[in-house]
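A.B. asks: model this:
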Amino acid sequence: MELFLQSIINSFIQGGFFALWAVGLVLVFGVMGVVNFAHGELVMVGAYTIWLLHSQYGMGYIPALGMAILLVLLIGLFMERFLFRPKREDPLGGLINSIGVLFILQVAALIVGGTGPAKQVAPPFSGTLIIEEIVRVPYQRLFSIAVCIAALSLLWFFLTKTKLGWSLRAVALDREAAALQGININRTSMIAIGVSGALAGLAGALMAPISNIYPHMGHNVIITAFIVTIVGGIGSLPGAVFASVLYAFLHTFITAYFSGTIATMSGLLIMVLVLIVKPTGIMGRRISE
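C.D. replies: Got it, this is the predicted structure:
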């Protein structure tokens, strides 16, 4: 019973991270039509920024978190302006460029952190919330899930209640029609990848104190993000959030009772089944030409 309740709590926490990963990926694909394979490495950069500034140079965790968001946001803007925008009519070219960024960021992480064991960051919020001597939740994880919920709520407000958010959704639905209505596609694309980068940097910064940090940690991120995106429905932000929670429960419980490898294999199997039964995903929609 204790393991079951603990797994439920861990599932919600993990679901928050999965949602941050997937929503950023969906946003860039929906608005720009680019599959950003470097998205996992952007999360990794956020984690390394916390390790470098907070653990190595003693900067406070919250300011370091802000720096991680800013740095990854700037990397995203650079990618949009110099790598994705020139390849706007060539999605394959944009994908290849993102793979190049993936390797560059991995090498940069090796230069900054060196080789050896994975880096670790001491949790800035020490202590554990104990519920009825059964469920134990570290305050660091509570802080992480609270920030994830706040970030996703702000994103929902931005997309549904602001003009810039409406322009993002309009471009995602039909880029040509949005351009004819006077929406600046270049500015909208920069906003999309800026928001995506900020979410990736935030996710990495929140993960840093509760997970190992290493140059290839982005691999797990991108695999999970793709599973969640496809299951939820490509281009559907609500679908990405729903699938994130669903996959987090599946992954957490299978990991707890079996192993992480079986959990990942199960996620891939579910993705294949969804593609067979409902190719548009749980909340995706078919677009007729």
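
A.B. asks: hey, let's count contacts and neighbours off CA atoms from now on
C.D. replies: OK.

A.B. asks: who touches V195 in this structure?
C.D. replies: Counting by C-alpha atoms under 8 Å, 6 or more residues apart in numbering, V195 touches 24, 73.

A.B. asks: Distance check, it against Y48.
C.D. replies: Counting by C-alpha to C-alpha, to the nearest Å, the gap between V195 and Y48 amounts to 19 Å.

A.B. asks: swap in L275?
C.D. replies: 35 Å.

A.B. asks: Tell me where the chain has strands.
C.D. replies: Listed in chain order, the strands of the chain (DSSP state E) span residues 128-131, 135-138.

A.B. asks: Can you list the strands that the first one pairs with?
C.D. replies: For strand 128-131, the pairing partners within the sheet under DSSP bridges are strand 135-138 (antiparallel).

A.B. asks: Give me the number of neighbouring residues for K163.
C.D. replies: As a burial measure, K163 scores 11 neighbours (other C-alpha atoms under 10 Å).

A.B. asks: cool, and the one 4 residues further on?
C.D. replies: By the other C-alpha under 10 Å criterion, the neighbourhood of S167 contains 23 residues.

A.B. asks: OK, contacts around it?
C.D. replies: The neighbourhood of S167, defined by C-alpha under 8 Å, 6+ apart, consists of 178, 183, 188.

A.B. asks: count of neighbours near A170?
C.D. replies: Residue crowding around A170 was assessed by other C-alpha under 10 Å; the count is 19.

A.B. asks: typed the wrong thing, it's R88
C.D. replies: 15.

A.B. asks: for it, what are its contacts?
C.D. replies: Counting by C-alpha under 8 Å, 6+ apart, the residues that R88 touches are 32-33, 94.

A.B. asks: and if you look at G194?
C.D. replies: For G194, the contacting residues are 73-74, 76-77, by C-alpha under 8 Å, 6+ apart.

A.B. asks: Check L129 too.
C.D. replies: Residues 136-139 are the ones in contact with L129 under the rule C-alpha under 8 Å, 6+ apart.

A.B. asks: Chain neighbours aside, what residue packs nearest to it?
C.D. replies: V137 (5.1 Å; C-alpha to C-alpha, 6 or more residues apart in numbering).

A.B. asks: For S144, see how far away that neighbour is.
C.D. replies: V137 sits 11 Å away from S144 when distances are taken as C-alpha to C-alpha.

A.B. asks: Those two: who's more crowded?
C.D. replies: Neighbours of V137 and S144, each counted by other C-alpha under 10 Å, are more numerous for S144; the result is 22 against 16.

A.B. asks: Look up how far F249 lies from that one.
C.D. replies: Counting by C-alpha to C-alpha, the separation of S144 from F249 is 17 Å.

A.B. asks: rewinding a little: so the residue nearest to L129 touches T128, yeah?
C.D. replies: Yes: with contact defined as C-alpha atoms under 8 Å, V137 counts as touching T128 (5.5 Å).

A.B. asks: Low-confidence regions, the chain specifically.
C.D. replies: Under the criterion of pLDDT under 70, the regions of the chain flagged as low confidence span 1, 285-289.

A.B. asks: possible to save the strands of the chain as JSON lines with distance to G233?
C.D. replies: Supplementary listing: these in JSON lines, determined by distance: least, C-alpha to C-alpha, whole Å:
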{"stretch": "strand 128-131", "distance to G233": "36"}
{"stretch": "strand 135-138", "distance to G233": "32"}
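
A.B. asks: Out of these, which is the most enclosed?
C.D. replies: With neighbours taken as mean count of other C-alpha atoms under 10 Å, the strands of the chain reach their highest mean count in strand 135-138, at a mean of 16.

A.B. asks: how far out from the middle of the chain is it?
C.D. replies: Taking C-alpha atoms, centre = their mean, to the nearest Å, the mean C-alpha location of strand 135-138 is offset from the chain mean by 24 Å.

A.B. asks: which residues are contacting it?
C.D. replies: The list of residues contacting strand 135-138 from outside it, by C-alpha under 8 Å, 6+ apart, reads 2, 5-6, 9, 126-130.

A.B. asks: By residue count, which helix of the protein is the longest?
C.D. replies: The longest helix of the chain (DSSP state H) is helix 2-32.

A.B. asks: Check the offset of it from the chain's centre.
C.D. replies: 8 Å.
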